[in-house]
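# A structural model of the following input is requested.
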Amino acid sequence: MFVITRNGKTTVYTGWQAWLIGLAMVIAAWLFFAVVAAVFVGVAISVGIMMLLLVPALAVVALVGSMMRR
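Numbers count the residues shown, from 1 in each chain. Coordinates of the predicted model:
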């Protein structure tokens, strides 16, 4: 049973309408969590690739810099 109050008017949904509203809410929650998971995976992959490329590059630059100083 879903009870919705808008502008002081209360509407009660029961039966198949309540099941339909519940199903819509579950689908919306699944979509929201799928989008959040995709964003987290995308950020993790991006940061991982940046670290994979930047850390060795910085090490090479530091090595070359120390060799040039001598």
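
# all contacts plus neighbour counts: C-alpha atoms, from now on.
Fine.

# show me the helices in the chain, by range?
Under the criterion DSSP state H, the chain contains helices at 16-69.

# which intervals of it have sub-threshold pLDDT?
Low-confidence regions of the chain, defined by pLDDT under 70, are absent; no residue qualifies.

# report the central residue of the protein.
With distances taken as CA atoms, centre = their mean, residue 36 lies nearest the centre of the chain, 2.0 Å away.

# for it, give its distance to residue 29.
Residue 36 is 11 Å from residue 29, where distance means CA to CA, to the nearest Å.

# same check, this time on residue 16
Computed with CA to CA, the distance linking residue 16 and residue 29 is 20 Å.

# equivalent analysis for residue 14, please.
Summarising the geometry, the distance separating residue 14 from residue 29, computed by CA to CA, is 21 Å.

# repeat for residue 15
When CA to CA is applied, the distance between residue 15 and residue 29 equals 21 Å.

# more neighbours: those two, which one.
Neighbours of residue 15 and residue 29, each counted by other CA atoms under 10 Å, are more numerous for residue 29; the result is 12 against 9.

# against residue 23, how distant is the more buried one?
Taken as CA to CA, the span from residue 29 to residue 23 is 10 Å.

# just residue 9 next, same as before
Noted for residue 9: a distance of 24 Å to residue 23, by CA to CA.

# which one's more surrounded, those two?
Taking other CA under 10 Å, residue 9 and residue 23 do not tie; residue 23 has more neighbours (12 against 7).

# and the more buried one, what does it touch?
Residue 23 sits next to no residue when contact means CA atoms under 8 Å, 6 or more residues apart in numbering.

# gap between it and residue 49?
Distance of residue 23 to residue 49, given as CA to CA: 39 Å.

# mind checking the end-to-end distance for stretch 8-20?
The stretch stretch 8-20 measures 24 Å between its terminal residues, going by CA to CA.

# what's it in contact with?
Looking at what lies outside stretch 8-20 - CA under 8 Å, 6+ apart - the contacts are 1, 2, 3, 4, 5.
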